[in-house]
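[1] kindly generate the corresponding structure for this input.
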Amino acid sequence: MSAFKLPARDELGFCNIFLSALGGDGANMGGKLLFKIGCTHFGLDGGYDARYGSEKKGTATDVSVRFCEVGTPVRQAGPTATPHFLVAFHDDLIAPLELGRGLQLNAVCIVNSIKSPEEVRHLLGLHSGTIVCVDATKIAYQSKSRMNMPLIAVLCHELGFPDTDVTAVIKKQWPKAAESNMAAFNAALGGSTRETFSSNGYPRQSPQVSRGPIGWRNMLNGGTIDALTHCTLNRDNRIAGRGRVPKFDKGVCTSCGICLTVCSDPGGLLWRDGRMDGIDDAFCKGCMRCVEVCPDTKKGKALTFDYA
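    As a prediction, the model looks like this:
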């Protein structure tokens, strides 16, 4: 049995952690580091699940970590629907992804946000628990680290992992980035805003309902795959793009096609009769690679974005 005591457990003995992010944020790497720390340094057991689709930048992704004491039967797989700890890498993912659903009573929610904990509680509809707000984007930029580092720092601290033990693992894991990672780690712990809320107005939201497992009981005749369910046709990816769509000036565009060579999902670029015709804002993930490579002609750039 581990000497470390889990801060929360469900009826099966698991402490459930859920990280919600976009591709490129480093949630998968951060989740793996967290799982390694818990299992190899604090004697815990558990399960790990990452769901990151096509792995392309901007794709909505999530990571689930389940910690339990050694000897607890680990018979669950897949994402957790009832987290004790939620880490949201962007506060504007809360509403469209319904991240408040299924949260345990007295959950701890760590959010990358410049909003106040009270404002984030309203976004989540949190019944009861603690909200920790940290400007992970700014910290990562100033420390030359990645956004996952300040969020994982706060998560480990809230879990009760000793800071000195965690930082030792991080330094050993990425020795070349130790200085920037430690700067991000310390800035996150010293620059977060924390507030605890009682159950005073928000009902607990039920977990999201899965469409169920795919198996022999519900497969189509002949074992075929339901293409309408599993293809991306007519899917709206505005959650991933978060409103970041390049502006396109058709009168300036020469249809050179350079944008196609870097687009993470070329379906976002609309071509008709061999010429660039526009941006599909329901498919574009907002990575801005096309803006970076669009040539600057005498008339200007065909693809632009106001980063301010």
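
[2] helices and strands of the protein: which one has the lowest mean pLDDT?
    helix 227-230 (a mean of 58; mean pLDDT, DSSP states H and E).

[3] Provide the strand pairings for the longest strand belonging to the chain, with the direction of each partner.
    Identified as the longest strand of the chain according to DSSP state E is strand 60-69. Here strand 60-69 has these sheet partners by DSSP bridges: strand 15-22 (antiparallel), strand 44-51 (antiparallel).

[4] can you dump the C-alpha atoms of the helix or strand just after that strand in PDB for me?
    Using DSSP states H and E, the next helix or strand after strand 60-69 towards the C-terminus is strand 85-88. Extracted in PDB, the C-alpha atoms of strand 85-88 (Å, rounded to 0.1, in the frame of the first residue of the first chain):
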ATOM      1  CA  PHE A  85      -9.800  17.100 -10.800                       C
ATOM      2  CA  LEU A  86     -10.400  19.000 -14.100                       C
ATOM      3  CA  VAL A  87      -7.700  20.800 -16.000                       C
ATOM      4  CA  ALA A  88      -8.900  23.100 -18.800                       C
END
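
[5] for strand 85-88, what is the distance to the chain centroid?
    In terms of C-alpha atoms, centre = their mean, to the nearest Å, the centre of strand 85-88 is found 9 Å from the chain centre.

[6] give me the buried positions along whichever helix or strand comes after it.
    Downstream of strand 85-88, the first helix or strand assigned by DSSP H and E is helix 94-97. Neighbour counts using 16 or more other C-beta atoms under 10 Å place 94, 97 of helix 94-97 among the buried residues. All C-beta spots, glycine's among them, are computed from the backbone N, C-alpha and C.

[7] what about the strands in this protein?
    So, for the chain - with DSSP E - the strands run 15-22, 44-51, 60-69, 85-88, 107-112, 129-134, 193-197, 247-248, 269-272, 275-279, 303-304.

[8] show me where the stretch 151-300 of the chain dips below the pLDDT cut-off.
    209-243 (pLDDT under 70).
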